[in-house]
Structure formats: structure tokens, C-alpha cells
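Undergrad: Sequence first, predicted coordinates after that:
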Amino acid sequence: MLNSYDQVPYLNRAHSHTHPDRLAALATLLGLQPACLATCRVLELGCSNGRNLLPMAMALPGAHFVGVDLSARQIADGQAAVAELGLTNLELRHASLADVDASYGLFDYILCHGVFSWVEASLQDKILAISRANLSDEGVAYVSYNIFPGWHDKLKVREMLLHQVRHITDPQVRIRKSREFISLMADLVAPPGAEPSSYGARLRAEAEIVTQQDDDYVFHEYLEDVNQPLYFYEFAERAARHGLQYLADADRGLRSLESLPAPVVEAMRQHADGIVAQEQLLDYYTNHTFRSTLLVPAGRHIDRTVTPARLRRLFVRSPLQAVSAMPDITGSSFETFGAADMESTFATAHPVTKAAMLVLQAAYPCAVPFDDLVAAACARVYPQDDLSHSKVILTREGEILGRNLLQGHTADNNLIDFHAHAPRLAGAPGDPNSARAGRPAALASARFEALRSRSVTNAYHRPVRLGSLSWYLLPFLDGTRDLAQLVELVLANQSLAVEKAGQELSDPDVKRPLLRAEVSSSLTALARAALILGDASS
């Protein structure tokens, strides 16, 4: 572990589903009362260079974060970043997971991403032991790992590559030779232009992963000495032996049986007794290769009958927009909401739900407290006199709206998402409270990341790939420059070309108005990507 991760460090990445916001929201929906994010304590096992924790620590200054990793090189890189940013709530320790003990204290959220399958069984048990011994009574632990049956095809490729490069020690040469060999085998088994066999199609798919993914992924997924996938039921049994129980999977959210095909539901009723058996059957059905499992202490009561009342402790966010240019809110007709980059849509005929979707559309990328969403939606549907005299309307409509939002979430949690924490962000274009109306300020963590990478982490801990202009602008968005000053910065940069009708422009007076429009558009895109802070009043 020490040598391989020092030689081929992981690239700087934040893992969206590890954020305590995600863990807390799912725990809340399942009837638990997780710790408040503003003051929580978070431990990450196998933290690499700390880039997963860094955006969390900068966004939650009142919380405390501790990361542990065996790679001295990666911890040193992370400690340098912590020192450069002056962070006092993020501590990165060079240590073995075997050394984590009671002296570390208790944590509300324990994270272990990309480690469990890649260590020996004894250290896997240590991870589960820490996830219980160092977890607070209301805490949630996150552990990700490779799973069967989906990993059987990948395991064949891994064994093939390990044998092929068994005499090569240089990591970069091992990676290069592995890519060459798997491409050769794919061409032999599934020649281009020919109808591939079942085996050929699977091998071709794996070859594309090996050739297209980053070096660090290929090396640690296919060429590590240890990579031990297991079945979900095996993981659940081992967790139970350490006093832990299954809560949910962070990357899949809450499943709804109604959203599954009828034969699958019937099979679950006949052959799956209990949540672990149901989840295992779903793995057989989907052939997934990876899980991001949430665990809680065995004694805690999990209520999987999710009710709208639980949404009152959460915030709601949705990227969906009305398909119709003039949606009918008060009528009984269905209105459909969708997004250009999403296949699924959400349709409803309930007036308050339609109004709520328009409220979310206007607020995006901000998340709206559920109670505020109910009030704002009802205000669009009912006369003010009715609302001022009756809480019955708000209660009744809130119940219906909650059920509809939950249905959209369980069908596809990208359609409608719930949060335990709402970052302060700039709202929609033209919002008078938006920081973009004056001197835009981007997330400090994203400005830091943009100096090192074209991919940055937004306020919801999700990666955003920046275009050339946005990438150049982001480090300058510290709240001290207005639009005109940003335009002049771009104008002075000779490496950023401005074209009109396919011809590069050189006259500053001609370039300036075009750049103003482009910079304004870039700021709007950055705001919609949840990278621009809102004013204190927003």
C-alpha cells in the first residue's frame, strides 16, 4: 500500500456521495436524527491528499475534519494545501488505519472510499471496527467496495493483465503495457466491424475502460496486489459482526419498489426476506460492480416507511425546468418538467406541485427549505385570504407535495434531491440578491482547485469541468472585481482569442463588447453550476 500509492498517487478528486450532507439527508429520510453538519466531526480513512475533505472543511468552518492515510507523499501534499489555505479545522495524519484507536475520539460521520476492497481481510475488519468504535451514537459510516456478480467480468481482465505484466516493476510501464495488451485482446476476440460474441462484447467494454480511464484508476483497480470484491450479503454479515447495520447506499438513494419492473418486485416478494436479501437480489438483477454503503449502529431503529413529514427537516433542489413555455399551474392538466442533459422527466397534474417545481426552477441552483417551498407554492395557487386564515391548506397541500417529491426522488434522485444543508449561493440570472449583480465571489475551494486543475468541486461536492474562459476567470472571482474589471483582465490576456465570423479580432474596442457578453455568460454558467456565492441577504 505504501509503495504503490506513493508511486502512483490518486488524482485530486472529491467524491460527491461521501459528503455528510448526503449521509445526513438519507438518514433523516429513514427516520434517524443525524448530527448537524455545521458543527459535526468527520473522519476519513484513506484520505489520499485530502482533496475530498478540503472543500468540506472550507464550506463548514464550524465542523472538524480528520483524514488518515498511509501514503507519506499524499499526506505531505495535503498538509501543504492545508497550510497554504490556513485551515484550522482540517487535520491530515500520516498513519496506518491499524493505528486508529480510541484516542482519535468519536465522529459523527466516518468515510472510507476506495479502500475496503484494496486491503487484506484483517484491515477490512479494522475498517469496520473503527466504523463502530469511533462512531457517535447518532453517527453514519460510509464504506465503498467492489461487488459481485458485476465484478466477475472485470476480475477476468484484472487477472489477465496481472499475468501479462508480472515481470514489470515500473508502474507507468505496467499501465502502458496493460492498455496495449487489453486492446490487442479486444481486437482479436471482437474484431472491429464484426458482430461480437457475448464474451467479445464484455471484453471490448472492459478494454474501453482500461484505455480511457486515468492512470491512477487503471493502476489501483486492475494492477494492485490486492483487490477483493465480495457479495453484498457477505459485507452486511461482516458489518453485523462489528455491531453495524445497513442503512442505504449513498449513490443510489432511496429505492422504490414501484419503480422496478413487476417481475422483479414479484421475485423480491418470493425470494428476498428482509432488506439485505432484497439488496442482494437487486445486485443480481442489475449486475452492479460497486457499492457505496451507509452503516449505522445495530441498535438504532430504521423506519423505511418514508413520510412527507420528514422532509420538514430538509431542503429541496431540482435542476428541472418546465417543458411548456407557459405552464398551467392552477388547472388540472399535466405539466412535464425536464432537463436537456437528463433522460428522465417529472410530470404532475397537482397544482401546488406544479407551482413548487416552478419555485425550484427559479431558485436553482439553491436548495429551498421544504416548509418554505410549501408556502411559496401555495401562495401561487391560492388567494392570500385563504392562506392567511387556514393552516389546514398548508398542511394538506404539504402532505401531497411531499409525497409527489418523494416519488420523483425515489424514481431518480437526480430529478429531485434532498439536502440536510443548503450552501449560500447566487440564484437565478437577474436575481437582485445574486453576487453576480456586483462583484462575484466563487467558492474559495474552487478558486484553489482551478489553479491546479480544470475540474473543480461545486458547493454540492460534485465535479464541474470548466471551459477555457471559466477556468481563466474562476481564480479572479474573489469578490473584489466587477464585470468591467473582469472583462479588462480577459482583454489583457493574449492567450484568450476572441473571434467574429471565424476571424480573430485584435482591436480592443471591437473585442470589448463581445468579451463583456462572453464573460457575463460565463459567470451565469458558473453560478448555475453552484460555484458562485450569494449575498448574505440571499
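TA: Right, received. Where do you want to start? Numbers count the residues shown, from 1 in each chain.

Undergrad: who touches the residue nearest to residue 250 when sequence neighbours are not counted in this structure?
TA: Excluding its sequence neighbours, the residue lying closest to residue 250 (CB to CB, 6 or more residues apart in numbering) is residue 17, at 3.9 Å. Where C-beta positions appear, they are placed from N, C-alpha and C, glycine not excepted. The contact partners of residue 17, by CB atoms under 8 Å, 6 or more residues apart in numbering, come to 142, 250-251, 292.

Undergrad: ok, now with 7 Å
TA: Residues counted as contacts of residue 17 (CB atoms under 7 Å, 6 or more residues apart in numbering) are 250-251, 292.

Undergrad: now swap in residue 336 and tell me
TA: With contacts taken as CB under 7 Å, 6+ apart, residue 336 has the following neighbours: 323, 345, 347.

Undergrad: Now the buried members of the residues you listed.
TA: Burial of those was assessed by neighbour count (16 or more other CB atoms under 10 Å); no member qualifies as buried.

Undergrad: Let's have those residues in TSV, adding pLDDT and secondary structure.
TA: Shown next, in TSV, are the contacts of residue 336 (pLDDT from 0 to 100; DSSP: H, G, I helix; E, B strand; the rest coil):
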residue	pLDDT	secondary structure
323	96	coil
345	94	coil
347	96	strand
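
Undergrad: Return the member of those nearest to residue 204.
TA: Here the nearest of the contacts of residue 336 to residue 204, counting by CB to CB, is residue 345; it sits at 31.9 Å.

Undergrad: Centre of the chain to stretch 78-97, how far?
TA: The gap between the average C-alpha position of stretch 78-97 and the chain average comes to 22 Å, counting by CA atoms, centre = their mean, to the nearest Å.

Undergrad: Dump the C-alpha coordinates for it into CSV.
TA: Extracted in CSV, the C-alpha atoms of stretch 78-97 (Å, rounded to 0.1, in the frame of the first residue of the first chain):
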residue,chain,number,x,y,z
GLY,A,78,-2.4,17.6,1.5
GLN,A,79,-0.7,19.2,4.5
ALA,A,80,0.9,21.7,2.2
ALA,A,81,-2.5,22.7,0.8
VAL,A,82,-4.0,23.0,4.4
ALA,A,83,-1.1,25.3,5.4
GLU,A,84,-1.4,27.4,2.2
LEU,A,85,-5.1,27.9,2.9
GLY,A,86,-4.7,28.5,6.6
LEU,A,87,-7.3,25.9,7.5
THR,A,88,-7.6,25.1,11.2
ASN,A,89,-10.5,22.6,11.0
LEU,A,90,-8.8,20.0,8.8
GLU,A,91,-6.1,17.7,10.1
LEU,A,92,-4.3,15.2,7.9
ARG,A,93,-2.3,12.4,9.6
HIS,A,94,0.3,10.1,8.1
ALA,A,95,-0.7,6.8,9.8
SER,A,96,-1.9,3.3,9.2
LEU,A,97,-5.6,2.5,9.7
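
Undergrad: Pretty sure residue 47 sits in a helix.
TA: No: the assignment for residue 47 (DSSP: H, G, I helix; E, B strand; the rest coil) gives coil, which keeps it out of a helix.

Undergrad: Confirm for me that it is in contact with residue 53.
TA: Yes: using CB atoms under 7 Å, residue 47 makes contact with residue 53 at a distance of 6.1 Å.

Undergrad: intersection of neighbour lists for the two?
TA: Here residue 47 and residue 53 share the contacting residues residue 67, scored by CB under 7 Å, 6+ apart.

Undergrad: end-to-end on stretch 502-510?
TA: Length of stretch 502-510, first residue to last, CA to CA, to the nearest Å: 15 Å.

Undergrad: Same question for it: list its buried residues.
TA: If you call a residue buried by 16+ other CB under 10 Å, then stretch 502-510 has these buried ones: residue 505.

Undergrad: What is the distance between that stretch and the centre of its chain?
TA: In this view, stretch 502-510 has its centroid 41 Å away from the chain centroid, taken as CA atoms, centre = their mean.

Undergrad: hmm, back to that, please report the distance of the residue nearest to residue 250 from residue 368.
TA: Here the distance between residue 17 and residue 368 works out to 22 Å (CB to CB, to the nearest Å).
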